[in-house]
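In: Sequence first, predicted model second:
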Amino acid sequence: MKRFETEGAAVHKLVCPRALLTACVLILAARIASSAPPSSAEHPVVSAVSPYIDAHTHFDERDPEGSVRAVIQAFQRENMVRAVLLILPDSVSPSGALHAAGILAVANKYPRRLAVLAGGETLNPMIQQSVRSGDAGAAIQSKFRKRAEELLHMGAAGFGEMAAEHFAGATPYQFAAPDHPLFLLLADIAAQHDVPIDLHMEAVPRAMPLPRDLKSPPNPPQLHENISAFERLLAHNPRAKIIWAHLGSDGTGYRTPDLCRRLLQKHSNLFMEIKLDPKAPGKNYLMAGEKIKPEWLKLFEDFPGRFIIGSDQHYPEPNGPQRWQEVVLLFNQLPANLRKSIGTENAAHIYDARISMGANH
């Protein structure tokens with residue numbers, strides 16, 4: 001307030017109307033500048049030092065063509081060579097086949113650059129409805145299988161984003177036990193067609209109250225234990241490649257290096273996506289300031305074939321710091337051989353021929 005009072009006093013000392021007008025304009029400009037977001041000069045872009053595949057990105061479902069243009073324009077800036085687009089996990093109506101069709105029609109024009117995971121718009125709501133109704137019988141499973149195979153026939157490279165424990169935010173709160181009959185069926189379908197499942201699941205190793213930094217409602221006051229059910233999903237069909245999304249964006253504080261190490265040692269079909277959000281770092285962040293934490297680096301080095309980049313970046317890019325940029329700052333600190341594995345080779349293995357490593361389209 002004192003600053004504004006000083007500015008006002010300076011204006012009142014002026015006697016020339018033109019000078020008064022000029023002073024007011026300068027004051028207004030200063031006030032606007034002080035409240036404006038940081039300029040791009042304050043956040044210089046740092047590209048990846050070696051190529052990488054971003055296996056978890058999102059798009060504007062209202063404008064899939066514009067979103068794809070934004071992704072393609074980002075390739076050179078980021079040194080990204082492939083991107084996988086995921087549909088957000090809906091929870092209400094399994095009528096979103098048009099969402100999948102729209103993004104697939106656009107992305108399929110760039111088969112060497114883009115792939116799409118589908119099911120967030122249809123399969124995920126079917127699971128959520130089954131949880132609410134308690135009906136996972138033969139008729140529901142038949143409908144679920146038909147929809148899953150339709151998505152693959154349309155060109156989907158796998159299933160995602162699926163939700164087992166998703167706190168309220170971009171979508172409503174969602175819970176489904178990872179060993180729900182429809183998740184187990186999806187694992188069988190994924191194994192049959194050699195495609196992955198991308199799963200959003202907060203780590204809840206025991207029944208516990210909702211963390212204090214989250215609100216209830218919309219989130220429930222108590223959380224269900226889910227790690228044992230997650231292990232049953234992983235063990236149900238070891239040929240099903242399960243990607244546990246959002247390592248580095250922990251909402252409960254229990255997705256620790258020790259938990260990850262135990263699960264990776266026990267389940268060879270488990271993979272993890274690395275995500276860092278500078279706007280919402282969460283718990284168990286992978287970085288301390290600008291440096292990767294040694295316990296996470298050790299985990300990457302011990303399991304070099306099990307991690308991929310999955311920034312959760314939205315395109316077109318929103319204002320402010322970008323998730324992809326934070327992931328790249330971590331990625332650039334990795335040894336060259338580990339960058340190659342995490343950057344491109346592991347994603348190519350998970351997706352097999354569906355992510356081509358040939359020349360760009």
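Out: That came through, no problem. Just so it is clear, the structure is predicted and the values come from calculations on it, not from any experiment.
In: Show me the shaky parts of the stretch 1-150 of the chain.
Out: Low-confidence segments of the stretch 1-150 of the chain (pLDDT under 70): 1-43, 93-98.
In: One more pass at 80, please.
Out: Within the stretch 1-150 of the chain, the ranges that satisfy pLDDT under 80 run 1-43, 91-98.
In: now do the stretch 201-350 of the chain
Out: For the stretch 201-350 of the chain (pLDDT under 80), the answer is none.
In: Which residue ranges of the stretch 1-150 of the chain form strands?
Out: 52-59, 80-86, 114-119 (DSSP state E, counting those that start in this stretch).
In: What of the stretch 151-300 of the chain?
Out: Along the stretch 151-300 of the chain, counting by DSSP E, counting those that start in this stretch, strands occupy 159-166, 174-175, 197-201, 208-209, 222-223, 242-247, 270-274, 287-288, 291-292.
In: Show the average pLDDT along the second one.
Out: Taken as a whole, strand 174-175 has a mean pLDDT of 96.
In: Each with direction, which strands does it pair with?
Out: strand 159-166 (antiparallel) (DSSP bridges).
In: As CSV, the strands of the stretch 151-300 of the chain with mean neighbour count and distance to Q73 would be great.
Out: Where you see a C-beta, it was placed from the backbone N, CA and C, and this is true even at glycine. What follows is those, written out as CSV (neighbours: other C-beta atoms under 10 Å; distance: least, C-beta to C-beta, whole Å):
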stretch, mean neighbour count, distance to Q73
strand 159-166, 27, 23
strand 174-175, 21, 32
strand 197-201, 25, 24
strand 208-209, 12, 43
strand 222-223, 16, 40
strand 242-247, 25, 25
strand 270-274, 25, 23
strand 287-288, 14, 27
strand 291-292, 14, 28
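In: Next one: S268 relative to E65, how far apart?
Out: 39 Å (C-beta to C-beta, to the nearest Å).
In: mind checking which of the strands of the stretch 151-300 of the chain is nearest P335?
Out: Among the strands of the stretch 151-300 of the chain, the nearest to P335 by C-beta to C-beta is strand 291-292 (11.2 Å).
In: Can you give the contact residues for that closest one?
Out: Contacts of strand 291-292 from elsewhere in the structure, counted by C-beta atoms under 8 Å, 6 or more residues apart in numbering, are 286, 330, 333-334.
In: Show me how to select, in ChimeraX, the buried members of the residues you listed.
Out: Applying 16 or more other C-beta atoms under 10 Å to the contacts of strand 291-292, the buried members can be selected in ChimeraX as follows:
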select :286,330,334
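In: want to try TSV for the contacts of strand 291-292, with distance to Q174 and secondary structure as columns?
Out: Shown next, in TSV, are the contacts of strand 291-292 (distance: C-beta to C-beta, whole Å; DSSP: H, G, I helix; E, B strand; the rest coil):
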residue	distance to Q174	secondary structure
L286	25	coil
L330	28	helix
Q333	34	coil
L334	33	coil
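In: And the contacts of strand 291-292, which is closest to E78?
Out: L330 (13.7 Å).
In: Take the strands of the stretch 151-300 of the chain and lay them out in a markdown table including distance to Q76.
Out: A markdown table is the format used below for the strands of the stretch 151-300 of the chain (distance: least, C-beta to C-beta, whole Å):
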| stretch | distance to Q76 |
| --- | --- |
| strand 159-166 | 26 |
| strand 174-175 | 36 |
| strand 197-201 | 26 |
| strand 208-209 | 45 |
| strand 222-223 | 42 |
| strand 242-247 | 26 |
| strand 270-274 | 22 |
| strand 287-288 | 25 |
| strand 291-292 | 25 |
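In: Find the nearest non-adjacent residue to I189, please.
Out: Nearest non-adjacent residue to I189, counting by C-beta to C-beta, 6 or more residues apart in numbering: A148, 5.0 Å away.
In: Might one say that that neighbour is in contact with L123?
Out: Yes: taking C-beta atoms under 8 Å as the definition, A148 is a contact partner of L123 at 6.0 Å.
In: neighbour-wise, which of those two wins?
Out: Here A148 and L123 are compared on neighbour count by other C-beta atoms under 10 Å; more neighbours surround L123, at 30 against 26.
In: Outline the domain layout of this protein.
Out: Domain assignment for the chain by automatic domain parsing gives 2-35, 46-354.
In: winner for burial among the ones you listed?
Out: Each of the domains of the chain was scored by mean neighbour count; the highest is domain 46-354, a mean of 19, by mean count of other C-beta atoms under 10 Å.
In: Widest-spaced pair of the contacts of strand 291-292?
Out: Across the contacts of strand 291-292 (C-beta to C-beta), the longest gap, 11.3 Å, separates L286 and L334.
In: related to what we said a few turns ago, between the strands of the stretch 151-300 of the chain, which gets nearest to E345?
Out: That would be strand 270-274 among those, by C-beta to C-beta, at 12.2 Å.
In: Can you list the neighbours in contact with that closest one?
Out: For strand 270-274, contacts defined as C-beta under 8 Å, 6+ apart pick out 55-56, 196, 198, 234, 241-248, 260, 263-264, 286, 306-311, 327, 330-331, 342, 346, 350.
In: then it to PDB, C-alphas only?
Out: C-alpha atoms of strand 270-274 as PDB (Å, rounded to 0.1, in the frame of the first residue of the first chain):
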ATOM      1  CA  LEU A 270       6.100 -53.900 -13.700                       C
ATOM      2  CA  PHE A 271       7.300 -50.700 -15.300                       C
ATOM      3  CA  MET A 272       7.200 -47.100 -13.900                       C
ATOM      4  CA  GLU A 273       6.900 -43.700 -15.500                       C
ATOM      5  CA  ILE A 274       8.900 -40.700 -14.200                       C
END
